[in-house]
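1. Any chance you can model this:
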Amino acid sequence: MPMHYRITGLTLAAIGGAGLPAAAGAQTLDLSIAIPQLKVAEYHRPYVAIWLEKEGAAPRTLQVWYDFDGNSKEGAGTKWLRDMRQWWRVVGRGMTFPADGVTGATRPAGGHKVTLVAGRGGMPALTPGNYKLMVEAAREVGGREVVTVPFTWNGTAARGAAKGTSELGAVTVSIKR
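-> Just a heads-up that it's a prediction; the model follows:
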């Protein structure tokens with residue numbers, strides 16, 4: 001008689017299968033964001049909000065990097081989220097933090113890669129059409145900048161790139177099924 005095994009997500013993680021590719025047909029968004037090292041007297045890591053806009057659809061927050069400290073008495077750094085003004089007005093003020101799959105810590109200067117899979121965290125399943133990936137950074141005792149990366153999703157693949165001038169460097173996005 002053949003033996004049957006049931007493999008759960010925890011079992012896969014335990015045996016090293018957590019890095020398996022996403023399920024066939026799943027949309028995967030690969031994002032690269034450069035945070036420049038600024039030569040200033042008082043440097044603070046920027047808060048960063050990443051969201052997706054499509055005409056006729058509600059904007060979706062994909063990631064928010066902020067000073068998250070669950071033990072903080074000042075609201076876990078959330079009182080400074082409104083400094084990312086454009087994101088805050090569009091979608092941020094309606095969110096509850098920390099947001100599962102969306103909230104993350106601030107990141108140091110350098111290149112950062114993020115991979116999101118449709119249906120997990122804040123990443124929605126995309127329908128064909130024109131989109132804008134928005135990245136906003138705000139820094140204490142510093143500036144604020146928004147970078148817009150337009151792309152067209154045809155259901156198979158899409159790419160886009162843009163570059164900031166002060167608080168953000170190059171931002172690239174690649175989406176595939």
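2. Check which helix or strand the residue most central in space within the chain maps to.
-> Centroid-nearest residue in the chain: Gln63, 3.1 Å away (criterion: Cα atoms, centre = their mean). Per DSSP states H and E: Gln63 is located in strand 60-66.
3. For Ser174, see how far away Asp30 is.
-> 5 Å (Cβ to Cβ, to the nearest Å). C-beta coordinates here come from the backbone N, C-alpha and C atoms, glycine included.
4. Please list all residues in contact with the residue nearest to the centre of the chain.
-> Contact partners of Gln63, counting by Cβ atoms under 8 Å, 6 or more residues apart in numbering, are 48-50, 102, 104, 114, 116, 121-122.
5. any idea which helix or strand of the chain has the worst average confidence?
-> The least trusted helix or strand in the chain, going by mean pLDDT, DSSP states H and E, turns out to be helix 9-14, with a mean of 36.
6. Toward the C-terminus, what is the element adjacent to it?
-> Assigned by DSSP H and E, the successor of helix 9-14 is strand 28-35.
7. That next one packs against which elements?
-> Applying 3 or more Cβ pairs under 8 Å, 6 or more residues apart in numbering; DSSP states H and E, one finds that strand 28-35 contacts strand 47-54, strand 110-117, strand 129-138, strand 170-176.
8. so what's Leu62 scoring on pLDDT?
-> At Leu62, the model reports a pLDDT of 96.
9. Grab the nearest non-local neighbour of Pro124.
-> Spatial nearest neighbour of Pro124, chain neighbours left out: Arg60 (5.2 Å); criterion: Cβ to Cβ, 6 or more residues apart in numbering.
10. Number of residues surrounding that neighbour?
-> Arg60 sits with 16 neighbouring residues when counted by other Cβ atoms under 10 Å.
11. same check, this time on Asp67
-> Using other Cβ under 10 Å, Asp67 has 18 other residues around it.
12. In contact with it, which residues?
-> When contacts are counted by Cβ under 8 Å, 6+ apart, Asp67 touches 47, 76-77, 80, 105-106.
13. one step back: who is the residue nearest to Pro124 paired with across the strands?
-> Taking DSSP bridges as the rule, Arg60 bridges to Leu52.
14. Just put the helices and strands packed on strand 28-35 in CSV and tack on mean neighbour count, distance to Thr148 and mean pLDDT.
-> CSV is the format used below for the helices and strands packed on strand 28-35 (neighbours: other Cβ atoms under 10 Å; distance: least, Cβ to Cβ, whole Å; pLDDT from 0 to 100):
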stretch, mean neighbour count, distance to Thr148, mean pLDDT
strand 47-54, 22, 9, 97
strand 110-117, 14, 17, 96
strand 129-138, 21, 5, 97
strand 170-176, 18, 9, 97
